[in-house]
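Chemist: Provided below are the primary sequence and the corresponding predicted coordinates.
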Amino acid sequence: MNASPSKYTSNQKLTITIDGPAGAGKSSAAKLLASGLGYVYLDTGALYRAIAWKMIQEKIDLDNELKIDAFCQALEIHLTIHGDKNEVWVNKEDATPYLRFPEVTAASSVISSMRSVREKLLSVQRQLGEKGGIVAEGRDTGTVVFPNADIKFYLDADLSIRGKRRDKDLLNQGVLTELSETKRDLETRDRQDQSRSLAPLSAGKDTVIIDSTDLTLDEVLEKMMHFISERVACR
């Protein structure tokens, strides 16, 4: 990386959030930002995906909110963080290897709008970030999970670019897909995330919006670093 996050560190332990749609580059940027600052990296989406994976395993009807409520009440979920890797354990089973499977992605989008699921995970996420020194990425980290975060970013990109990025990610995981299918899945996910009544995907008014369509990862990180340095200097 050309950008050097460490030169922007201070004695303060900031809470930084990065939200945005799938394929915008949130995970890559968040991991590098957290690593450079010496912060904890939190992938909030992994928690939703882990619950979705377990529901698929248990054959829980995703249209039956009563069953989902009961399922969540009995659920044990634990997140361990090793550098930029988040491991999620559900009822003592490691869900991490399955989190990016397309069927898990689709199911996680459905359950993310359910109150019982969100309430189950909100305390887990906030506990991890209560002392600051964290970079949290997801879809509502700046608007709901950490509404008082010190710095909030919203990372976006054109659908065609996001589709290519997601295809590449899936290929790296050994999952073969068609680009047209990937783009349709992203469109569906966008629509569901943006239109849900509970914590919809959006950029808050106090959020820095970065369009990564024509930017490299280095350039995205440099923009974030520049803003962080300015914010820290003003404190």
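Modeler: On my side now, so go ahead. Numbers count the residues shown, from 1 in each chain.

Chemist: Confirm L201 sits in a helix?
Modeler: No - L201 is assigned coil when assessed by DSSP: H, G, I helix; E, B strand; the rest coil, not a helix.

Chemist: which residue packs closest to the residue nearest the centre of the chain, ignoring adjacent ones?
Modeler: Nearest to the mean C-alpha position of the chain, by C-alpha atoms, centre = their mean, lies G138 at 2.4 Å. Of all residues not flanking G138 in the chain, T44 sits nearest, at 3.4 Å (C-beta to C-beta, 6 or more residues apart in numbering). Quick note: C-beta positions are derived from backbone N, CA and C, even for glycine.

Chemist: With E65 as the reference, measure out to the one you found.
Modeler: Distance, T44 to E65, by C-beta to C-beta, to the nearest Å: 21 Å.

Chemist: Compare these two and say which is more crowded by neighbours.
Modeler: Remark: of T44 and E65, T44 carries more neighbours, 27 against 14, as counted by other C-beta atoms under 10 Å.

Chemist: can you tell me which residues contact that one?
Modeler: Going by C-beta atoms under 8 Å, 6 or more residues apart in numbering, T44 touches 121, 125, 136-141, 145.

Chemist: Could you list which of these belong to strands?
Modeler: When DSSP state E defines the strands, the subset of these inside them is 136-138.

Chemist: Could you export those as TSV, including distance to D190?
Modeler: Formatted as TSV, the ones in strands among the contacts of T44 follow (distance: C-beta to C-beta, whole Å):
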residue	distance to D190
A136	20
E137	17
G138	15
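
Chemist: From those, pick the one nearest H226.
Modeler: Nearest to H226 among the ones in strands among the contacts of T44: E137, at 18.9 Å, using C-beta to C-beta.

Chemist: how close does that closest one sit to D84?
Modeler: E137 sits 11 Å away from D84, taking C-beta to C-beta as the criterion.

Chemist: got any residues that touch both of the two?
Modeler: Listed as contacting both E137 and D84 by C-beta under 8 Å, 6+ apart are Y41.

Chemist: out of these two, which sits in the more crowded spot?
Modeler: Between E137 and D84, E137 has the larger neighbour count (other C-beta under 10 Å), namely 29 against 17.

Chemist: Give me the pLDDT value at P5.
Modeler: Note for P5: predicted pLDDT of 48.

Chemist: all helices for this structure, in order.
Modeler: 26-37, 44-57, 65-74, 102-111, 115-129, 159-172, 179-195, 217-233 (DSSP state H).

Chemist: looking at the ones you listed, which is closest to T96?
Modeler: Judging the helices of the chain by C-beta to C-beta, what sits closest to T96 is helix 44-57, at 7.6 Å.

Chemist: so how far is that closest one from its chain's centroid?
Modeler: 13 Å (C-alpha atoms, centre = their mean, to the nearest Å).

Chemist: what does stretch 19-34 give?
Modeler: Computed by C-alpha atoms, centre = their mean, the chain-centroid distance of stretch 19-34 equals 7 Å.

Chemist: shaky segments in the chain?
Modeler: 1-11, 235 (pLDDT under 70).

Chemist: go again using 80 as the cut-off
Modeler: 1-12, 83, 169-171, 173-176, 197, 233-235 (pLDDT under 80).

Chemist: Thanks a lot, see you next time.
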